[in-house]
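Engineer: okay, sequence plus prediction incoming.
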Amino acid sequence: MCLFTLEKQWQQWSSLTLRTASSSSSSAFSQSSVTLSSSRNQMTHDLAPSPPSLPIIGHLHLLLSPLTHKSLQKLSTKYGPLLHIRIFNVPIILVSSASVAYEICRAHDMNISFRGLAAIDESLLFGSSGIVNAPYGDYWKLMKKLIATKLLQPQSRGIRAEELQRFYNSLVDKARKAESVEISKEMMKLVNTTLCRMSMGRSFSEENGEAEKTAQEASDPLFKKDIMSVSDRFDKLLEKILVEHNEKLEEEEYQGADMMDVLLEAYGNESSEYKITRNQIKSFFVELFVGGTDTSVQTTQWLMAEITNNPDALERLRAEIDSVVGETRLIQETDIPNLPYLQAVVKEGLRLHPPGPLLVRKFQESCEIKGFYIPEKTTLVVNAYAVMRDPDAWEDPNEFKPERFLASSKSGKKEEREQTLKYLPFGAGRRGCPGANLAYMFVGTAIGVMVQCFDWKIKGDKVSMEETFEGMNLTMVHPLDCTPVPRTKTLFL
Ligand code: HEM
């Protein structure tokens, strides 16, 4: 998403800065310790170490690079995995190692189960009525439950299978015409349509691609004006779909069962457990589409690039798919549990290229971490990118080596948990990504189809792996554009 990446963090940081800049002095944060009030026994605790900063702006200059996750990674390599930095007078705790992430999640998961105030309250996208910025409470629990029970219900498998076949047909068509494919565009169509059909029983493409265009805009650079324009366009589209759904719900024979039906029932029902607003319904859908789509799209694109640049991995993956699936039918999601190397390839791609490299939360209360005092309301930034490339936790951290995920762990429980916290593409704890399993399905089956059925011709010898931020996700400077050459007969599920 992700939802949680740079632009949004900037909006949050800068809005927080503006909100508090006039009320307190920046000098408070240049101290290395603070004295607590008498109610806390006048104890003095040290703040986490702080790298040298500039007057007034603090560490802002270090974060102005277009690749913030990398400048923060450099900072932690030099000064340590737990740092106290500040932007103007907004304090931030920066975490860059699995062991510190483990300590925070083990002891403070509840304390950090909030992301902070929305940058633009009224926006349907990352505003105050969506799930992303929702406090840990009834609305959030209802939405989490709906994702688990409605979005991921077994009946939705059929929709994914149909859309996967459509994705494959489209690639066959391109191959026949010897046309090149922009992987991210094909993947965007697949994920967008599938998510829409799974959540509200119809695809947005019925609106002449308006939603796809809007979702695409949401992955371009976003400032307040752009966010509001995306929000307004989604508002109109969703309002229309909500009215249609409402009309259907009123038909006696209609037995609505998708997520939108359930939310509309809760909206119209005076006695429902939790009263939701129309804006909350719309925000939820917008965040689901924007958050679930581009992340899966970028992951697939990075993975195809890694596979293309690593012919040994491609060969091993193809051999596995050929032996498990064969050459007479298309791979499907029920094959994935039998394809350990494919699973390892997807995990390794996400380790090296997490779409949302920085995870942002907020400490609701003051606490102590690794012996350092964390004041309440401090923003927490976990640099998942740095954690997943930490040389103390990963061998050859910058190499694409899917095999590392095949080795079975014989370690104890605590060590196992610590091990899982060195792998953070979906975040962690109660606010971790609820769409992780679905994302593994989207990405695993799409990669599976592209590897099983086609060879891919690229321009030049190697794909450039240069990174940039676009909109909300870490993406490729040069979008992957390659031409499919069929290697199997036309296949059907
Ligand atoms: C490769 C694909 C994806 C990646 C890498 C990804 C990553 C993330 C990350 C890093 C977070 C923040 C976690 C944290 O703060 O600890 C998150 C949250 C979230 N993701 Fe995903 N995501 C992906 C796909 C999806 C999909 C397909 C959906 C749709 C079901 C989805 C829905 C959400 C939602 C609703 C949240 C907010 C959860 C909350 O605040 O409680 N994501 N995702």
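Structural biologist: Yes, it's here.
Engineer: ok, now which ones touch the residue nearest to Leu72 when sequence neighbours are not counted?
Structural biologist: Computed as Cβ to Cβ, 6 or more residues apart in numbering, the closest residue to Leu72 that is not its neighbour in sequence is Asn383, at 5.0 Å. All C-beta atoms are positioned from the backbone trio N, CA, C, and that covers glycine. By Cβ atoms under 8 Å, 6 or more residues apart in numbering, the contact set of Asn383 is 69, 72-73, 76, 94-96, 357-358.
Engineer: so which of the residues you listed is surrounded by the most neighbours?
Structural biologist: Pro357 (30 neighbours; other Cβ atoms under 10 Å).
Engineer: give me the distance from stretch 261-280 to the chain's centre.
Structural biologist: 27 Å (Cα atoms, centre = their mean, to the nearest Å).
Engineer: quick one: buried residues of that stretch?
Structural biologist: 261-264, 266-267, 276, 280 (16 or more other Cβ atoms under 10 Å).
Engineer: residues in the protein within reach of the ligand, list them.
Structural biologist: 1-2, 4, 131-132, 147, 151, 287-288, 291-292, 295-296, 299, 354-356, 359, 425-428, 431-435, 438-439 (Cβ under 6 Å from any ligand atom).
Engineer: what's the ChimeraX line that selects buried ones from these?
Structural biologist: Per 16+ other Cβ under 10 Å, the buried members of those correspond to this ChimeraX selection:
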select :1,2,4,131,132,147,151,287,288,291,292,295,296,299,354,355,356,359,425,426,427,428,431,433,434,435,438,439
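Engineer: other SSEs contacting the longest helix along the chain?
Structural biologist: As assigned by DSSP state H, the longest helix anywhere in the chain is helix 278-309. Judged by 3 or more Cβ pairs under 8 Å, 6 or more residues apart in numbering; DSSP states H and E, the packing partners of helix 278-309 are helix 183-200, helix 210-218, helix 224-250, helix 259-268, helix 311-325, helix 340-352, helix 436-453, strand 473-476.
Engineer: that one to helix 183-200, inter-axis angle?
Structural biologist: 140 degrees (axes from the mean of the first three to the mean of the last three Cα atoms, to 10 degrees).
Engineer: which pLDDT value belongs to Ser170?
Structural biologist: What the model reports as pLDDT for Ser170 is 96.
Engineer: what about it, how many residues nearby?
Structural biologist: Neighbours of Ser170 (other Cβ under 10 Å): 14.
Engineer: lowest-confidence helix or strand of the protein?
Structural biologist: The weakest-scoring helix or strand in the chain, judged by mean pLDDT, DSSP states H and E, is helix 6-21 (a mean of 39).
Engineer: pretty sure Glu368 is in contact with Pro375, am I right?
Structural biologist: No. Between Glu368 and Pro375 there is no contact, the gap being 10.9 Å when judged by Cβ atoms under 8 Å.
Engineer: the more surrounded of these two?
Structural biologist: Neighbours of Glu368 and Pro375, each counted by other Cβ under 10 Å, are more numerous for Pro375; the result is 18 against 13.
Engineer: backbone phi and psi for that one, please?
Structural biologist: phi -70, psi 150 (degrees, to the nearest 10).
Engineer: contacting residues for it?
Structural biologist: Contacts of Pro375 (Cβ under 8 Å, 6+ apart): 34, 47, 91, 363, 366.
Engineer: pretty sure the fourth one sits against Ile112.
Structural biologist: By that I understand Phe363. Yes. Counting by Cβ under 8 Å, Phe363 touches Ile112, with 6.0 Å between them.
Engineer: who has more neighbours out of the two?
Structural biologist: Using other Cβ under 10 Å as the criterion, Phe363 and Ile112 rank with Ile112 on top: 27 against 21.
Engineer: excluding chain neighbours, what is closest to the more buried one?
Structural biologist: The shortest distance from Ile112 to any non-neighbouring residue, by Cβ to Cβ, 6+ apart, is to Arg361 (4.2 Å).
Engineer: over to Leu238?
Structural biologist: Lys282 (4.6 Å).
Engineer: pLDDT wise, what is the one you found at?
Structural biologist: At Lys282, pLDDT is 92.
Engineer: for the stretch 351-493 of the chain, which segments count as helices?
Structural biologist: Taking DSSP state H, counting those that start in this stretch as the criterion, the stretch 351-493 of the chain contains helices spanning 384-387, 413-420, 436-453.
Engineer: out of those, deepest packed?
Structural biologist: Most buried of these, by mean neighbour count (mean count of other Cβ atoms under 10 Å): helix 384-387, with a mean of 26.
Engineer: so which elements touch that helix?
Structural biologist: helix 68-79, strand 358-362.
Engineer: try 6 Å
Structural biologist: helix 68-79 (3 or more Cβ pairs under 6 Å, 6 or more residues apart in numbering; DSSP states H and E).
Engineer: where does the chain have low pLDDT?
Structural biologist: 1-44, 203-223, 252, 254-256, 407-419, 471, 492-493 (pLDDT under 70).
Engineer: make it 80
Structural biologist: 1-45, 66, 117-119, 125-126, 202-226, 249-257, 268-274, 407-420, 470-472, 488-493 (pLDDT under 80).
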